[in-house]
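J.: mind looking at a prediction? Sequence and model below.
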2 protein chains.
Amino acid sequence: MTAGQARRSGPGRPRDPEADTAILRAAVELLMERGIDQCGIERIAKRAGVTKVTVYRRWRTKEELLAQAIETVRDEMPAVVVELGPDTPLPDAIELLLPRWGEILANGRFRALSAHLLAAGPSHPALLRAYRTHHVLPRRERARATMRRAQADGYLDPTADVDLLIDMMEGAVIHQLLLNPEPPGPAETTRYLRALLVQVGFVLRPAP
Amino acid sequence: MTAGQARRSGPGRPRDPEADTAILRAAVELLMERGIDQCGIERIAKRAGVTKVTVYRRWRTKEELLAQAIETVRDEMPAVVVELGPDTPLPDAIELLLPRWGEILANGRFRALSAHLLAAGPSHPALLRAYRTHHVLPRRERARATMRRAQADGYLDPTADVDLLIDMMEGAVIHQLLLNPEPPGPAETTRYLRALLVQVGFVLRPAP
């Protein structure tokens, strides 16, 4: 979660970061234990030890709250934060990022939440829409920019359809994460991601 | 479902195809209405109008029954059956198959069931395992054979990693199906599939 997102969601009251954290954590726990149908604002508020009004001050709908709660699990992992200068060549940036991506994707909590979210899609389009608007589309926009830069710098075939490549890579990852009864650990996930980038046509540093 | 699979699952009693159909249909309906946790053998038997013993004669576990039930939705669609001679050039076969794949993937029932199955993965590994063993892996084996033939016949880059390509294509489809709040209809899905095949490197006939 970012401060900007929390502010955008609520009607501008002064925020209580501790309450926010407790609410988001309660939402994540309930979503993992009970699934989305059992995960109403009232229950979330009760578990977080706050009133329903406190929740509604920050999030207009259950869907916006859950979308942000799912995202906090990704943010929990400090490994995802990497400082990269704007001039870092893409292959170097990828070497730094690959093991961190591997760690996140192999994380059991992240996997369980992703499954709940995907499952909710057809029956709870509002949750899917909130998650897409606030998290998927901004991330996709950044990925698109990175890939266009990679094409300009000669690290990726300039004729490739960038949007399709993103679908294929995200899709392969979902496939690995959710359709594998024995999901691989961080190291194997990292190797898989590397193979995927090579297969879609990225020029990488030789594998370590 | 194939007769072979049904026979393999049960202990060899004479089968009653009408009861089988009723049981599979009841399982699909319950799974879509209630989700996997509310989808026990007793409930399925009751809705199908048979005894629990009748169900257990054919399927050892709830997971094997549900895995097969999910598959029947795919089989319901007559469009998937295409007669292809062994000498049909791959690009011709793909032209025949593409609109049929588009129709299946755009089907709302198929989409809803796929979501339930993916969601069940982390919490119900037995269902995922049954579905993989009886349906995903045999289909993947056929896809692999087709792609190797395509490589041999010059319709696909011979250095491509076939398993990764399958993950990417299946993954992109899952992505389109389940992460899209406004999923595309059959015609658009067919165009998407065509673009996907071209992007991974298949040589196709020019788009009609």
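T.: Noted; the coordinates are in hand.

J.: get me the contact residues on chain A for chain B.
T.: A:35, A:108, A:111-112, A:115-116, A:118-123, A:125, A:128-129, A:132, A:136, A:160-161, A:164-165, A:167-176, A:178-181, A:195-196, A:199-200 (CB under 8 Å from any CB of the partner chain). Where you see a C-beta, it was placed from the backbone N, CA and C, and this is true even at glycine.

J.: A:R129 and A:P86: what is the separation?
T.: Applying CB to CB, to the nearest Å, the value for A:R129 to A:P86 is 33 Å.

J.: and these two? Which one has more around it.
T.: A:R129 (16 against 5; other CB atoms under 10 Å in any protein chain shown).

J.: average pLDDT for the strand or helix carrying that one, rounded please.
T.: Using DSSP states H and E, A:R129 sits in helix A:125-131. Mean per-residue pLDDT for helix A:125-131: 83.

J.: helix or strand next in line after it, which one?
T.: Next helix or strand after helix A:125-131 toward the C-terminus (DSSP H and E): helix A:137-152.

J.: so which bits of that following helix are buried?
T.: Neighbour-count burial for helix A:137-152 flags A:R140, A:A143, A:T146, A:M147, A:A150, A:Q151 (criterion: 16 or more other CB atoms under 10 Å in any protein chain shown).

J.: okay if I get the residues you listed as CSV plus pLDDT?
T.: Shown next, in CSV, are the buried residues of helix A:137-152 (pLDDT from 0 to 100):
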residue, pLDDT
A:R140, 88
A:A143, 88
A:T146, 86
A:M147, 90
A:A150, 90
A:Q151, 93
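
J.: nearest to chain B, of the residues you listed?
T.: Nearest to chain B out of the buried residues of helix A:137-152 is A:R140 (CB to the nearest CB; 10.6 Å).

J.: tell me if I'm right that the closest one and A:D167 touch.
T.: No - judged on CB atoms under 8 Å, A:R140 makes no contact with A:D167 at a distance of 9.6 Å.

J.: chain A - how does it break down into domains?
T.: Here the domain parsing of chain A from automatic domain parsing is A:3-73, A:78-200.

J.: helix or strand next in line after the lowest-mean-pLDDT helix or strand in chain A, which one?
T.: Least confident helix or strand, chain A: helix A:3-9 with a mean of 43, by mean pLDDT, DSSP states H and E. Next helix or strand after helix A:3-9 toward the C-terminus (DSSP H and E): helix A:17-34.

J.: that following helix - contacts with which helices or strands?
T.: The contact analysis (3 or more CB pairs under 8 Å, 6 or more residues apart in numbering or on different chains; DSSP states H and E) places helix A:17-34 against helix A:41-48, helix A:52-58, helix A:62-76, helix A:108-123.

J.: 6 Å instead?
T.: The contact analysis (3 or more CB pairs under 6 Å, 6 or more residues apart in numbering or on different chains; DSSP states H and E) places helix A:17-34 against helix A:41-48, helix A:62-76.

J.: give the buried residues for it.
T.: The neighbour-count check on helix A:17-34 (16+ other CB under 10 Å) flags A:19-20, A:22-32 as buried.

J.: save those residues as a markdown table, and put in pLDDT too.
T.: Below are those laid out as a markdown table (pLDDT from 0 to 100):
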| residue | pLDDT |
| --- | --- |
| A:A19 | 91 |
| A:D20 | 92 |
| A:A22 | 94 |
| A:I23 | 95 |
| A:L24 | 93 |
| A:R25 | 92 |
| A:A26 | 95 |
| A:A27 | 93 |
| A:V28 | 89 |
| A:E29 | 90 |
| A:L30 | 90 |
| A:L31 | 86 |
| A:M32 | 82 |
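
J.: one step back: and the buried residues of helix A:137-152, which two are the farthest apart?
T.: Greatest spatial distance in those: A:R140 and A:Q151, 16.2 Å, computed using CB to CB.

J.: which residues touch the residue lying closest to A:E64 once chain neighbours are set aside?
T.: In this structure, A:E64 finds its nearest non-sequential neighbour in A:A130, 4.9 Å apart by CB to CB, 6 or more residues apart in numbering or on different chains. Counting by CB atoms under 6 Å, 6 or more residues apart in numbering or on different chains, A:A130 touches A:E63, A:E64, A:A67.

J.: pLDDT, distance to B:G40 and neighbour count for those residues - can I get that in a markdown table?
T.: Shown next, in a markdown table, are those (pLDDT from 0 to 100; distance: CB to CB, whole Å; neighbours: other CB atoms under 10 Å in any protein chain shown):
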| residue | pLDDT | distance to B:G40 | neighbour count |
| --- | --- | --- | --- |
| A:E63 | 88 | 30 | 19 |
| A:E64 | 89 | 34 | 22 |
| A:A67 | 86 | 32 | 26 |
